[in-house]
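Peer 1: Curious how this folds, go ahead:
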Amino acid sequence: MENLRFRHGMWLVNTLLNYKKLNREELNKLWIHNEGLSGGEELTRNQLNRAISSALDVLGVSIECDLKDQYRYFIAGDESLKATEWLLSSYSVNQLVSERSNLRERIMFEEIPSGQFFLTTIIEAMSKGKAMELDYKKFYDSEPYTCFIEPYCVKLSQQRWYLLARKDHSSHLQVFALDRMQQLRILEEVDFQIPDFFKPKEHFAHYFGVYTGVSPIVETILLKVDLFWRGYFRTLPLHSSQHEVETHSDYSIFEYDLVVTPDLINRFLEFGASIEVLAPQSLRNKMHDITVQMASLYQ
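Peer 2: Got it, this is the predicted structure:
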């Protein structure tokens, strides 16, 4: 039931993003057309109300009805929807494919580990403000362990879903990969509330990827990118802090304000000799040591 409610909310938000304002009759026509969700049945008032409630509870999107404009529904306020952008776009593409079965083999997606199965349960727990019990097994552990967690937010990174949560009433937050979860149970009797000062975007603001440190040090990173790859960096920045500070005929230099983490170093290594870390010196030294070790494997 909760999964269906979530899908209804996603459909309503996505529909109003496309059409801006629709009355119940107009929504009903689009609803019936989407047989994968509606089964060809009309949109009832209760279903519409549940979809509106789901949009607010799960996605944080407020939908209102304009009584002066033929009772049309619309997304209220200045909703950027950045936090739900990936979910909405993914949902839209999946709906498009399901409605046009002849295109299924011609629209290809990147593989995401099966851990996304737990995503709906986590979103349900977050929307209700409920704690969870988790059975978790790290890659290097022989057996899973069970812990109590309070879910703060989820994030997609490098084709994997991650949950940021407080574990066993710890004083700091921990990241859990969904593909390493074995069982996840919502504790309906245990409520929790995220502190007012916690903001997911601020928490990850100076990180590439998902892994964050307890005492992070933000550093100014200078990256030299060759002619071939700088267009890629311009159109798809590695991070929101990216700035092109120097432009030359055959390369550019980009600046970042980031905490150095294994995620970031691995990302830099993916570009091989097409990029060069110029600063800070400590990161430059790390890149040097890793590439020397890599080179020794092929001697």
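Peer 1: Give me the residues contacting stretch 182-198.
Peer 2: 118, 121-122, 124-125, 128-137, 144, 148, 150, 152 (C-beta atoms under 8 Å, 6 or more residues apart in numbering). Bear in mind the C-beta positions are built from the backbone N, C-alpha and C, glycine included.
Peer 1: how far out from the middle of the chain is that stretch?
Peer 2: Relative to the chain's own centre, stretch 182-198 is displaced by 19 Å; criterion: C-alpha atoms, centre = their mean, to the nearest Å.
Peer 1: Give the rounded mean pLDDT of it.
Peer 2: Per-residue pLDDT over stretch 182-198 has a mean of 90.
Peer 1: again with stretch 255-274
Peer 2: 94.
Peer 1: tell me how far the ends of that stretch are from each other?
Peer 2: 16 Å (C-alpha to C-alpha, to the nearest Å).
Peer 1: that older thread, among the contacts of stretch 182-198, name the ones in strands.
Peer 2: Judged by DSSP state E, the subset of the contacts of stretch 182-198 located in strands is 130, 131, 132, 133, 134, 135, 136, 148, 150, 152.
Peer 1: Look at the second one and report its pLDDT.
Peer 2: Put plainly, it is residue 131. 95.
Peer 1: what ranges do the strands span in the stretch 51-200 of the chain?
Peer 2: 63-66, 72-75, 130-136, 145-157, 160-167, 173-177, 181-191 (DSSP state E, counting those that start in this stretch).
Peer 1: Restricting to C-alpha, output the last one in CSV.
Peer 2: It stands for strand 181-191. Provided in CSV are the C-alpha atoms of strand 181-191 (Å, rounded to 0.1, in the frame of the first residue of the first chain):
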residue,chain,number,x,y,z
MET,A,181,21.7,-4.5,3.5
GLN,A,182,20.2,-8.0,4.1
GLN,A,183,17.1,-7.2,6.0
LEU,A,184,15.4,-3.9,6.9
ARG,A,185,12.5,-3.5,9.3
ILE,A,186,10.5,-0.4,10.2
LEU,A,187,10.0,-0.1,14.0
GLU,A,188,6.5,1.3,14.0
GLU,A,189,6.6,1.8,17.8
VAL,A,190,9.8,3.9,17.7
ASP,A,191,9.6,7.5,16.6
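Peer 1: now the angle from that strand to strand 130-136?
Peer 2: Note on geometry: by axes from the mean of the first three to the mean of the last three C-alpha atoms, to 10 degrees, strand 181-191 and strand 130-136 are set 160 degrees apart in direction.
Peer 1: Can you mark which positions in strand 181-191 are buried?
Peer 2: 181, 184, 186 (16 or more other C-beta atoms under 10 Å).
Peer 1: Same check on the first one?
Peer 2: Of the residues in strand 63-66, those scored as buried under the neighbour-count criterion (16+ other C-beta under 10 Å) are 63, 65.
Peer 1: Repeat that for the third one.
Peer 2: By neighbour count on 16+ other C-beta under 10 Å, the buried set for strand 130-136 is 130, 131, 132, 134, 136.
Peer 1: of those residues, closest to residue 42?
Peer 2: Residue 42 has its nearest neighbour among those in residue 130, at 33.0 Å by C-beta to C-beta.
Peer 1: From residue 40, how far off is that closest one?
Peer 2: According to C-beta to C-beta, to the nearest Å, residue 130 and residue 40 sit 34 Å apart.
Peer 1: Likewise for residue 24?
Peer 2: Counting by C-beta to C-beta, the gap from residue 24 to residue 40 is 18 Å.
Peer 1: okay, those two: which has more neighbours?
Peer 2: Remark: of residue 24 and residue 40, residue 24 carries more neighbours, 15 against 10, as counted by other C-beta atoms under 10 Å.
Peer 1: Switch the buried residues of strand 130-136 over to CSV; also include distance to residue 33.
Peer 2: Shown next, in CSV, are the buried residues of strand 130-136 (distance: C-beta to C-beta, whole Å):
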residue, distance to residue 33
130, 35
131, 40
132, 37
134, 40
136, 42
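Peer 1: and residue 210, which of the three is it?
Peer 2: Secondary structure, DSSP: H, G, I helix; E, B strand; the rest coil: residue 210 is coil.
Peer 1: does it really touch residue 178, like I thought?
Peer 2: No - Residue 210 lies out of contact with residue 178 (C-beta atoms under 8 Å); the separation is 11.2 Å.
Peer 1: Report the set of residues contacting both of those two.
Peer 2: With C-beta under 8 Å, 6+ apart, residue 210 and residue 178 have common neighbours residue 162.
Peer 1: For stretch 7-24, the averaged confidence score.
Peer 2: 83.
Peer 1: Just the buried positions in that stretch, please.
Peer 2: Those would be 7, 8, 9, 10, 11, 12, 13, 14, 15, 16, 22, for stretch 7-24 by 16+ other C-beta under 10 Å.
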